[in-house]
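Colleague: take this sequence and fold it.
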Amino acid sequence: MAIKNAQLYEQVVLINEYLQNIVGTIESGVVAINRAGHVTIFNRAAEQLTGLSVDAILGRAIAELPAPLRQPLVATAEDGRARVLAEVELAKPGGSTLPVLCLTSPLREPAGGLLGAVAVLSDLTALKQLEMEQRRAERLAYFEVLAAGIGHEIKNPLVAIKAFAQLLPRKFLDEQFRQEFARVVGREIGRMEHLAGRLRSLARPGGGPHRALDLRAPIADAVELLQPRLDEKGIAIRWAPGPNPCQVLGDHAALEQLFLNLFGNALDAMEAGGALSVRLRSTEGRMIVEVEDTGPGIPDEFLPRIFEPFVTTKLHGSGLGLAICASIANAHRALIYATNVPGQRGAVFTIEFPVEVAASTPVRA
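Modeller: Numbers count the residues shown, from 1 in each chain. Got it, this is the predicted structure:
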């Protein structure tokens, strides 16, 4: 019996050493605690990620761990629920922080009782760097498209102004020419001023300080402003706001502009006798607005780029309206996207706003 027990003990020691070697060599940080609140596993990768010494942490109270790591571990050890923290900031010596992905899981005995919890930490530094480089490349491409679009939009007015300017010395005494000169040049300058205004809206989409507001209000104001155009074209509006407030944080004027642009875009896409539907609903911490028209829909090749500046399916217009919508949505931390109505004509634009309780102090975009 003694020999058998010794053999079993030796096997347990070998298995334990094997597991310790595995935990010690993996690239992810591994930290485990027991129900008594002591650290039972703290591998070398965890040491590198946290800046804490293995010898100083192993076997010590969990209070020695950084709060962003300690809190989810304790919660999992108490309730037995796994947790995923997409990004945790761990303080590093010198005042810097390290972004890590933190996954916690409960540790259970064979009978199912809780023994503690384990956290697996993955360094997100390289991923964040890739994201930064991707955003930089996207911004560069965005500005290239923007510059090309501005050049195209300004070229036509400048051509007209230049042509009249070249004729001016020879026809200055011609009264009819001077009147035509004033009309055309004034019109083309107006076009450039309008473009400049649209670009300013694109650059400053957030409006004023963000306060708690009822999302029904900017929608209703935009519908009221467009009602004459809807009536003129014979477009039916289907908008029936419910009785419950739909609170978000935002700027009323900026959101009104967003809905004006969306409704105007839908109106331009429809023939007389169409219908514009506006739906507002809440789900899982999001306030969702859907704007559906009965137009021809969006060509598949345009769908991925529909919110880029100067991308338009219309014969007339600057192609900035939907780009401004996307900028305003982004300033309000909202998600905006477009789809075609399955199996029939029409497009649906969806905006998903986060539902937030406003603080007493306004939040500036």
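Colleague: alpha carbons only: can I get stretch 186-197 in CSV?
Modeller: In CSV, the C-alpha atoms belonging to stretch 186-197 read as follows (Å, rounded to 0.1, in the frame of the first residue of the first chain):
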residue,chain,number,x,y,z
GLY,A,186,-23.4,85.2,-58.5
ARG,A,187,-25.0,81.8,-59.0
GLU,A,188,-21.6,80.0,-59.2
ILE,A,189,-20.2,81.7,-56.2
GLY,A,190,-23.4,80.7,-54.4
ARG,A,191,-22.7,77.1,-55.3
MET,A,192,-19.2,77.3,-53.9
GLU,A,193,-20.5,78.9,-50.7
HIS,A,194,-23.0,76.1,-50.3
LEU,A,195,-20.2,73.5,-50.8
ALA,A,196,-18.1,75.3,-48.2
GLY,A,197,-21.1,75.2,-45.8
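Colleague: and it, how far out from the chain middle?
Modeller: Offset of stretch 186-197 from its chain centre (Cα atoms, centre = their mean, to the nearest Å): 32 Å.
Colleague: try stretch 346-355
Modeller: For stretch 346-355, the distance to the chain centre is 13 Å (Cα atoms, centre = their mean).
Colleague: other residues contacting it?
Modeller: 215, 247-248, 250, 258, 262, 265-266, 269, 282, 285-295, 297-298, 325, 329, 332-341 (Cβ atoms under 8 Å, 6 or more residues apart in numbering). (Glycine included, C-beta is placed from N, CA and C.)
Colleague: quick one, strands of the protein?
Modeller: Taking DSSP state E, the strands of the chain run over residues 29-34, 39-42, 83-91, 97-108, 114-123, 211-214, 236-239, 247-250, 275-283, 286-292, 335-340, 347-354.
Colleague: quick one: strands adjacent to the fifth one?
Modeller: In the sheet containing strand 114-123, its partner strands are strand 29-34 (antiparallel), strand 97-108 (antiparallel), by DSSP bridges.
Colleague: swap in the last one?
Modeller: Within its sheet, strand 347-354 is paired with strand 286-292 (antiparallel), strand 335-340 (antiparallel), according to DSSP bridges.
Colleague: how about those strands, which one is nearest Asn34?
Modeller: strand 286-292 (39.0 Å; Cβ to Cβ).
Colleague: which parts of that closest one are buried?
Modeller: For strand 286-292, a neighbour-count test (16 or more other Cβ atoms under 10 Å) marks Met287, Ile288, Val289, Val291, Glu292 as buried.
Colleague: what about the closest residue to Leu335 other than its chain neighbours, how many residues close to it?
Modeller: Residue nearest to Leu335 in three dimensions, not counting chain neighbours: Glu352, with 4.4 Å by Cβ to Cβ, 6 or more residues apart in numbering. Residue neighbour count, defined by other Cβ atoms under 10 Å, stands at 19 for Glu352.
Colleague: so how far is Gly242 from Glu352?
Modeller: Glu352 sits at a distance of 17 Å from Gly242 (criterion: Cβ to Cβ, to the nearest Å).
Colleague: for Leu267, same thing?
Modeller: Counting by Cβ to Cβ, the gap from Leu267 to Gly242 is 24 Å.
Colleague: can you pick out the residue with more neighbours from these two?
Modeller: Leu267 (19 against 10).
Colleague: so what's the more buried one scoring on pLDDT?
Modeller: Here, the pLDDT recorded for Leu267 equals 89.
Colleague: quick one: residues contacting it.
Modeller: With contact taken as Cβ under 8 Å, 6+ apart, Leu267 is in contact with Leu226, Arg229, Leu230, Lys233, Ile235, Leu276, Asp293.
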